[in-house]
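A.B. asks: 3D model of this:
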Amino acid sequence: MKRGKQARRSVPASPSASAEHVQTSPWERSVRPLLERRGPLLACCLALIGALRIAVTWQTFAAIGDESAHLAAGMEYLSKHVYNYDRQHAPLACVMGALGPYLAGARPQGYPGFMQEGLAIVNSQGHPELTLTLARLGVLPFFLLGCFVVYAWAAQYFGAAVAVIATGLFTLLPPVLAHAGVACTDMALAACLGAAFLALIQWAEKPTWQRTVLLGAAVAAAVLSRFTAMGYLGCAAVLAIAGYWLARRGPVGSLVTRTHAARFAVAALVTAFLVWAGYLFSFGRPPGWSVPVPAPEFFDGLSIGLEHAKLGHPAYLLGQYSLKGWWYYFPVALAVKTPLGFLIPALAGVWLCVRRWREPACYLPLAFAAGILFPAITSNVNIGLRLILPVYIALSITAALAADRWARGKWSGVIVAALFLLLAAAGAAAHPDYFPYFNELAGSEPDRILVDSDYDWGQDTKRLAQRLRELGATSVSFFGVGASDKDYDLLRVFPGLPALRTINPLQPAEGYTAVSPTFWRTTQYGLYYKYPNIKPWWERLQPREKVGTLLLYYIPPGSLRRTQ
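C.D. replies: Residues are numbered from 1 along each chain as shown. Sure thing, here's the model as predicted:
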């Protein structure tokens, strides 16, 4: 592969731009030199502004279901030095989320289920908002790492100016801000996978011992963030090698020297050792195995994840229900969940990279993005754009590349400014509700397109509790994301819901009923679309109001008896 400095000199210049145009362009004359001189400082400022926007959301939302599970698993890891609660998810993000509450004195509460255990930990010290804030604080380093990866990657191949633009774009994306604001594994996957791929391409260019160890550590962090990182990174690496071969038309062996092979083996050993260390050097038999192995929790979690992928998950897309998903799920999610002010330059940058695919600077972002999308579109688990969140690292770079090129022209520079203002305005208008953000393509009823973690992930339970207190409600029928009949007593403590009744989709209940769009669209609260002629009762009624993403219905006492 070309060294970064060579690629950086060749890529940004537009082949159609004359020397006179480049010299007289306001972008080249004033803005670009400023970004080049102050690149690291400006990127740090942008990342800190994004972090502040994330921090403001921490006390707005209740604990979502996945946060409870991850907090329980991480607390068990820190307190008992075992990892049994949530083996389907790798431990890194779970431990980071539990670290703050653990240092503040929180400890396991002994509930058998991880959802109940997580909620109990949040309630255990009498200040649930603080405990939840400390858990979410543990994810913020991954957001900052993601910003660093975007900047470092773009700066190496395109220069500091493009890197600053890419970093700013990354920090303005509502999906990134949303998932960086909760104690889950998605931001960890995005940041660590990006770091692992960047370490891989830098190591391929020059496999020093320092880069060999760094590669092993970065891959270990990616694996420990989420198991899907192995498939994504492997596919991206294969596509990068294919791009190298197509661009050079030479044997792949010219890339893999004897030095590369030996040091790659060392990097693999470093990865294996650190993954084992991440599981506290445990040793034993995974369920169903006849021989003991290092880190049995890793192999058990991997098998659970593979079984989950095989069986599928209840999902909803464009009015359809499925357990196996759709190949076009993630393309549709990207199309409607990404601000148009970002999506347009990102696709233009992809096209620019396709046209110049023989340059490593251009085919590497394509390989990374495709390495995520190709496995994802074949998956049976379609439960949110968060599963491919790392793709925004590559798209931020391609969008910045297109913006840098467009800004050279007089009128195209105005268009770039307008797109950036559109992007910034979209995020500002959505704040702090980044989860249910949809762009203009989604129309007025985005929950008819996507739900789950793209819309209603249980984040509005705290708002629901507050609204019900204002209405003087003493009870509510509710079963939403992160809630089950086993959680009812815990949810009355925080977020402070009144007495809860389980929703019956066939029989309306007098009083208040809060309907979760996710449970409505994906499972019909237990009907699972098995009875096409029977619809949940609330489909015939207009809700009293919306509380965040939740639909609140009210049936006056005695009205049902009068209609019978």
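
A.B. asks: helix or strand for residue 49, which one?
C.D. replies: helix 39-56 (DSSP states H and E).

A.B. asks: In PDB, list the C-alpha atoms belonging to that helix.
C.D. replies: This file holds the C-alpha atoms of helix 39-56, laid out as PDB (Å, rounded to 0.1, in the frame of the first residue of the first chain):
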ATOM      1  CA  GLY A  39      -6.500  20.600  13.000                       C
ATOM      2  CA  PRO A  40      -6.000  18.700  16.200                       C
ATOM      3  CA  LEU A  41      -7.200  21.600  18.400                       C
ATOM      4  CA  LEU A  42     -10.300  22.100  16.300                       C
ATOM      5  CA  ALA A  43     -11.100  18.300  16.300                       C
ATOM      6  CA  CYS A  44     -10.700  18.200  20.100                       C
ATOM      7  CA  CYS A  45     -13.100  21.100  20.400                       C
ATOM      8  CA  LEU A  46     -15.700  19.500  18.200                       C
ATOM      9  CA  ALA A  47     -15.400  16.200  20.100                       C
ATOM     10  CA  LEU A  48     -15.900  17.900  23.400                       C
ATOM     11  CA  ILE A  49     -18.900  19.800  22.100                       C
ATOM     12  CA  GLY A  50     -20.400  16.500  21.000                       C
ATOM     13  CA  ALA A  51     -19.600  15.000  24.400                       C
ATOM     14  CA  LEU A  52     -21.400  17.900  26.100                       C
ATOM     15  CA  ARG A  53     -24.500  17.300  24.000                       C
ATOM     16  CA  ILE A  54     -24.500  13.700  25.000                       C
ATOM     17  CA  ALA A  55     -24.000  14.400  28.700                       C
ATOM     18  CA  VAL A  56     -27.100  16.700  28.600                       C
END
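
A.B. asks: from the middle of its chain, how far away would that helix be?
C.D. replies: In terms of CA atoms, centre = their mean, to the nearest Å, the centre of helix 39-56 is found 18 Å from the chain centre.

A.B. asks: and the next element down the chain from that helix?
C.D. replies: Toward the C-terminus from helix 39-56 - assigned by DSSP H and E - lies helix 65-80.

A.B. asks: what is the mean pLDDT for that next one?
C.D. replies: For helix 65-80, mean pLDDT rounds to 95.

A.B. asks: Residue 471: neighbour count?
C.D. replies: Number of residues near residue 471 (other CB atoms under 10 Å) recorded here: 15. (C-beta placed from N, C-alpha, C; glycine too.)

A.B. asks: from memory it sits against residue 511, does it?
C.D. replies: No: with contact defined as CB atoms under 8 Å, residue 471 does not reach residue 511; the gap is 10.3 Å.

A.B. asks: returning to what we had before: in the helix holding residue 49, what's buried?
C.D. replies: Neighbour-count burial for helix 39-56 flags 39, 42, 43, 44, 46, 47, 50, 51, 53, 54 (criterion: 16 or more other CB atoms under 10 Å).

A.B. asks: What are the contacting residues of it?
C.D. replies: Defining contact as CB atoms under 8 Å, 6 or more residues apart in numbering, one finds that helix 39-56 is touched by 35, 137, 140, 143-144, 147-148, 151, 155, 160-161, 163-164, 167-168, 170-172, 176-177, 180-181, 427, 431-432.

A.B. asks: Flag the shaky bits of the stretch 451-564 of the chain, pLDDT-wise.
C.D. replies: 481-485, 561-564 (pLDDT under 70).

A.B. asks: That one: helices as residue ranges?
C.D. replies: 461-471, 488-493, 517-523, 559-563 (DSSP state H, counting those that start in this stretch).

A.B. asks: Turn those helices into JSON lines, columns for distance to residue 445.
C.D. replies: Output for the helices of the stretch 451-564 of the chain, formatted as JSON lines (distance: least, CB to CB, whole Å):
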{"stretch": "helix 461-471", "distance to residue 445": "20"}
{"stretch": "helix 488-493", "distance to residue 445": "28"}
{"stretch": "helix 517-523", "distance to residue 445": "10"}
{"stretch": "helix 559-563", "distance to residue 445": "27"}
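
A.B. asks: Could you find the closest non-adjacent residue to residue 183?
C.D. replies: residue 97 (3.5 Å; CB to CB, 6 or more residues apart in numbering).

A.B. asks: list the buried ones in stretch 57-67?
C.D. replies: 57, 58, 61, 62, 63, 64, 65, 66, 67.

A.B. asks: With only the CA atoms kept, save it in CSV.
C.D. replies: Only the C-alpha atoms of stretch 57-67 are listed here, as CSV (Å, rounded to 0.1, in the frame of the first residue of the first chain):
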residue,chain,number,x,y,z
THR,A,57,-29.3,13.7,27.7
TRP,A,58,-28.2,11.5,30.6
GLN,A,59,-30.8,12.5,33.1
THR,A,60,-33.6,13.0,30.5
PHE,A,61,-34.2,9.3,29.9
ALA,A,62,-35.0,6.3,31.9
ALA,A,63,-32.9,3.1,31.9
ILE,A,64,-33.6,1.2,28.7
GLY,A,65,-33.8,-2.6,28.9
ASP,A,66,-30.4,-3.3,27.4
GLU,A,67,-28.8,-0.9,29.9
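
A.B. asks: quick one: contacts of it?
C.D. replies: Against stretch 57-67 from outside (CB under 8 Å, 6+ apart): 71, 97, 115, 118-119, 122, 129, 132-133, 135-137, 177, 181-184, 431-432, 434, 457-463, 465, 481-483, 494-495.

A.B. asks: and the gap between the nearest residue to residue 422 once chain neighbours are set aside and residue 415?
C.D. replies: Spatially, and ignoring its direct neighbours in sequence, residue 422 is nearest to residue 341 (3.5 Å; CB to CB, 6+ apart). To residue 415, residue 341 is 11 Å away according to CB to CB, to the nearest Å.

A.B. asks: more crowded one of these two?
C.D. replies: Taking neighbours as other CB under 10 Å, residue 341 and residue 415 compare with residue 341 leading, 23 against 15.

A.B. asks: For the stretch 101-250 of the chain, just list every one of the helices.
C.D. replies: Going by DSSP H, counting those that start in this stretch, the stretch 101-250 of the chain shows helices at 114-123, 128-137, 140-158, 160-171, 174-179, 186-205, 209-225, 228-248.

A.B. asks: out of those helices, deepest packed?
C.D. replies: Ranked by mean neighbour count under mean count of other CB atoms under 10 Å, those are led by helix 160-171, which reaches a mean of 28.

A.B. asks: who are the neighbours in contact with the residue nearest to residue 545 when sequence neighbours are not counted?
C.D. replies: In space, and not counting its chain neighbours, residue 545 is closest to residue 552: 5.3 Å by CB to CB, 6+ apart. Neighbouring residues of residue 552 by CB under 8 Å, 6+ apart: 464, 467, 512, 513, 514, 515, 543, 544, 545, 546.
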